[in-house]
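**Student:** Sequence and predicted structure below; questions after.
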Amino acid sequence: MRFVAVLLLGSRVGAECPNACSGHGTCGAFDECTCYPNYQGGDCSLRTCPFATSHVDSPKGDLDGSADELSGPDTTVIVDSTVFPYGTTEQYPLMVDSRGYTLVNTAHAYTECANKGICDRKSGECECFEGYEGAACQRASCPDPQCSGHGTCQTAAEIAWKDNSNEYKLWDKDLTMGCVCEPGYTGPSCADKMCKYGVDPLYDDDEYMSIRVPTARVIFENKNRYMPSGENGKLAGTYAIKFYDVFGEDYHTTPILVNSTCEDITTALEELPNAVVPKDSVMCNMQNEQNKDEIAYDLTFQENPGDLTPIEIDMYLDGSRTTVYNDRTPTTEKTYNITVDYNVSVTVYPNYYGIAGEFVDYFSEYCKGVSITMSQITNTYGTTAGVRGRVDALSKAESKLLKKCLGDSNGDSSDNVEVYDWDFGTWNTTLYPHIVKIAPHPTVGTEPKADVYDAGKFYLLWFNENEGPEGTFYTGNLPEAVSGKEYTVFTTHGVASVITNATRTIAKPSMVNLSSALPVTGYFDKGKNMIYTSADASCYHSELATCLEKGDLIFLFDANWPTDVSGNLGKSTITSIGASNSGNLYKIVKIGINHPTTTTYLTEDRYYIVVDKVINWDGSKKVRRGDLGLAPQDQYIGHQWIIKFVPEETNGNYEYVQECSGRGLCDMESGLCECFTGYTNDNCDLQSSLAV
């Protein structure tokens, strides 16, 4: 019996860990398993799944079994556990860096299966929730990995970069996925087919309305204008036009001779596949003679409505060397051969007036009963004079009607005046000027509505109550120098605001005037779409009362108005008179800050805005900061004011170019329009008597 007792005592001392730690750990003191990495549980039989950045953070609960309320995020519990060897917290995770310093404004801590899946403890694999994929469920997947065969699945960073090289740097830049559809398809999985676009026939049934369609001015120019004595130069070679339809699909014309006629150019465009440019729909005007060292022409795409991607010119049809060149031909007999100069540039922008297509008319409110004429005048302000536009004498009735049509300019009715409930929009008292669209009167020409595509231009408009018996309306930018031509006026419910250094701390920015707030100015070159601003105007960084971000709309006017508190008139252009072709609406497609360059100390070139269209006039004039009382004094900045335009959300916006012309429903399975009663055509843009 004594021998047996000794054996029993020995067996008690030699007890093992549960299940021998399942072969995935070591047995230590107190019969406790220490699991190998990626195993857990009392017997190390459970697998640990991959960790990744959480899509959503969540508290972990009562990890230490204290049965009390959860400890705070600064209290670390269960240190040395197999899952959290450095410990973790019971509430939302406390984010610290490698030195133990607390981080603020953080989220998305590392969690098992990224908090978007359930761990299979037997296999160690994550079972992801619907819409998530990856070993740790780290990716928010595309609804269909194949995007229905009509697109590609890409990351948020890739999608942003393809959109004008924008950079997306948030935590999920490589984790959130989305389908990028090919032209003509839409929807989260690119399964829906889009229908043809057209102009709402009810928009154009009024003789006062006109349609803004895409235009282009194309200029080929030999940069090396110097020709040796006895030589002439002329442009030669071929190029192609890349045309984009309303869906963003691009089409290339066959090669076009650089000295072709307008007939040759329109033929090449109208022969594109699928009748993407309808026959007899392109209006072309040659702006100078051919066979010279500069060729320019204007195009108007009358049957391709909408805000289309501007056309492009492809001068590289044979590879890396341009196929358009300057042929330098001796005019007298020479012993050397004819030489060729490839230093040829091409510029494309909306036509001379900068008119581009649109989907939405934000200035659709016709001021009934008002017909105006305009002229260019010279006004003196203090000791300086400037050329600007003036609305010629209005009758008393017309002046009243125009005031009522203009209404409130800044969204603040407390500063409105007179029974018309309007404000002056005067350049020296408000940051919120009136902007109007002024279009030719329909009776101008040989018959009513001579040109349905003469859509008019945008103007700054303000009022001087002390001039004339009824006061006088002025335009900041110049009108055409056409005497006696009648125009109609269209107003907006949107708000235009000058970007200034007024900060968000101002209680009522609408009451700030130009005597206490200097504008944020910019400069740009004709033929470019990059604007360099005098200060950071982005909403992401700046503290301005009115800031800018991607997707915002801005106006650029070559306006004769004060640019500093002393009242000195400043012009945007380098010319003495100014541009009558300014005043266009642009969309910001990118805004950011560059690193300083070797020339930044001379000219501000860090803060930039990229707009969706090339600018058709020269805004490159600059001024010393010191001349405006700013520092650093010797650094040059632009002269051009930037005006942000915010459309009224529901009132006065007419989306007149849309699928099925807004007069039918799109069958997304077939891509065909189902027109409402009384409307017909493949895009429902024809009205029949049944609709009357």
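**Tutor:** Everything's here; your move. No experiment lies behind these values; they were computed from the predicted model shown.
**Student:** just the helices in this structure please.
**Tutor:** Counting by DSSP state H, the chain has helices at residues 2-13, 156-162, 262-270, 396-406.
**Student:** Show me what the shortest one is packed up against.
**Tutor:** For helix 156-162, the contact count by 3 or more Cβ pairs under 8 Å, 6 or more residues apart in numbering; DSSP states H and E identifies strand 177-181 as packing neighbours. Where C-beta positions appear, they are placed from N, C-alpha and C, glycine not excepted.
**Student:** So which elements touch the strand it packs on?
**Tutor:** Looks like strand 177-181 contacts strand 151-155, helix 156-162 (3+ Cβ pairs under 8 Å, 6+ apart).
**Student:** Now mean neighbour count and mean pLDDT too, for these, in JSON lines please.
**Tutor:** Below are these laid out as JSON lines (neighbours: other Cβ atoms under 10 Å; pLDDT from 0 to 100):
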{"stretch": "strand 151-155", "mean neighbour count": "18", "mean pLDDT": "96"}
{"stretch": "helix 156-162", "mean neighbour count": "16", "mean pLDDT": "95"}
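**Student:** Of all these, which one is nearest L70?
**Tutor:** Nearest to L70 among the helices and strands packed on strand 177-181 is helix 156-162 (33.5 Å), distances taken as Cβ to Cβ.
**Student:** Name the residues that touch the closest one?
**Tutor:** The contact list for helix 156-162, computed with Cβ atoms under 8 Å, 6 or more residues apart in numbering, reads 154, 166-170, 172-178, 180.
**Student:** gap between W641 and E669?
**Tutor:** 49 Å (Cβ to Cβ, to the nearest Å).
**Student:** These two: which is more packed in?
**Tutor:** Just comparing W641 and E669: by other Cβ atoms under 10 Å the higher neighbour count belongs to W641, 25 against 9.
**Student:** now the nearest residue to that one once chain neighbours are set aside, which residues is it bridged with?
**Tutor:** Using Cβ to Cβ, 6 or more residues apart in numbering and skipping the chain neighbours, the partner closest in space to W641 is P519 (4.9 Å). Beta bridges link P519 to T500 when assigned by DSSP bridges.
**Student:** What residues does P519 make contact with?
**Tutor:** Shown in contact with P519 (Cβ under 8 Å, 6+ apart): V498, I499, T500, N501, T563, W641, I642.
**Student:** from the residues you listed, which single one is nearest T75?
**Tutor:** Of the contacts of P519, the one sitting nearest to T75 (Cβ to Cβ) turns out to be N501, at 46.4 Å.
**Student:** Show the contacting residues for the closest one.
**Tutor:** For N501, the contacting residues are A517, L518, P519, V520, A535, L544, by Cβ under 8 Å, 6+ apart.
**Student:** Using TSV, please lay out those together with pLDDT and distance to G369.
**Tutor:** Output for those, formatted as TSV (pLDDT from 0 to 100; distance: Cβ to Cβ, whole Å):
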residue	pLDDT	distance to G369
A517	75	36
L518	79	39
P519	83	35
V520	90	38
A535	93	43
L544	87	39
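**Student:** Make TSV out of those and add distance to K590.
**Tutor:** Formatted as TSV, those follow (distance: Cβ to Cβ, whole Å):
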residue	distance to K590
A517	26
L518	25
P519	22
V520	17
A535	17
L544	18
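**Student:** Mind giving me the PyMOL select for those residues, buried ones only?
**Tutor:** Listed next is the PyMOL selection for buried residues among these, using 16 or more other Cβ atoms under 10 Å:
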select buried, resi 517+518+519+520+535+544
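**Student:** for this protein, where's the lowest mean pLDDT among helices and strands?
**Tutor:** Using mean pLDDT, DSSP states H and E, the weakest-scoring helix or strand in the chain turns out to be strand 569-570, at a mean of 42.
**Student:** List the strands paired with the top strand by length along the chain, with their directions.
**Tutor:** Counting by DSSP state E, the longest strand found in the chain is strand 231-244. Strand 231-244 pairs in its sheet with strand 250-252 (antiparallel), strand 256-257 (antiparallel), strand 312-314 (antiparallel), strand 324-330 (antiparallel), by DSSP bridges.
**Student:** centroid residue for the chain?
**Tutor:** In the chain, the residue lying closest to the centroid (Cα atoms, centre = their mean) is V589, at 2.6 Å.
**Student:** residues touching the closest residue to that residue other than its chain neighbours, list them.
**Tutor:** In this structure, V589 finds its nearest non-sequential neighbour in N164, 4.4 Å apart by Cβ to Cβ, 6+ apart. The contact partners of N164, taken as Cβ under 8 Å, 6+ apart, are V589, K590, V610.
**Student:** Surely the first one is in contact with V610?
**Tutor:** Yes: under the criterion of Cβ atoms under 8 Å, V589 makes contact with V610 at 5.4 Å.
**Student:** Please name the nearest non-neighbouring residue to C666.
**Tutor:** For C666, ignoring the flanking residues on the chain, the nearest one in space by Cβ to Cβ, 6+ apart is C195 at 3.8 Å.
**Student:** before we move on, back to that, right, and the helices and strands packed on strand 177-181 - which one's nearest G41?
**Tutor:** Closest to G41 of the helices and strands packed on strand 177-181 is strand 151-155 (Cβ to Cβ; 36.0 Å).
**Student:** How far off centre is that closest one?
**Tutor:** Averaging C-alpha positions (Cα atoms, centre = their mean, to the nearest Å) puts strand 151-155 21 Å from its chain's average.
**Student:** what's the angle from that strand to strand 177-181?
**Tutor:** 150 degrees (axes from the mean of the first three to the mean of the last three Cα atoms, to 10 degrees).
**Student:** Sheet-wise, list the partners of strand 151-155 with their directions.
**Tutor:** Counting by DSSP bridges, strand 151-155 is paired with strand 177-181 (antiparallel).
**Student:** Could you pull up the residues touching T300?
**Tutor:** T300 makes contact with V213, P214, T215, V282, M283, C284, N351, Y453, according to Cβ under 8 Å, 6+ apart.
**Student:** now swap in M194 and tell me
**Tutor:** By Cβ under 8 Å, 6+ apart, the neighbours of M194 are G184, Y185, T186, F247, E659, C666, M668, G671.
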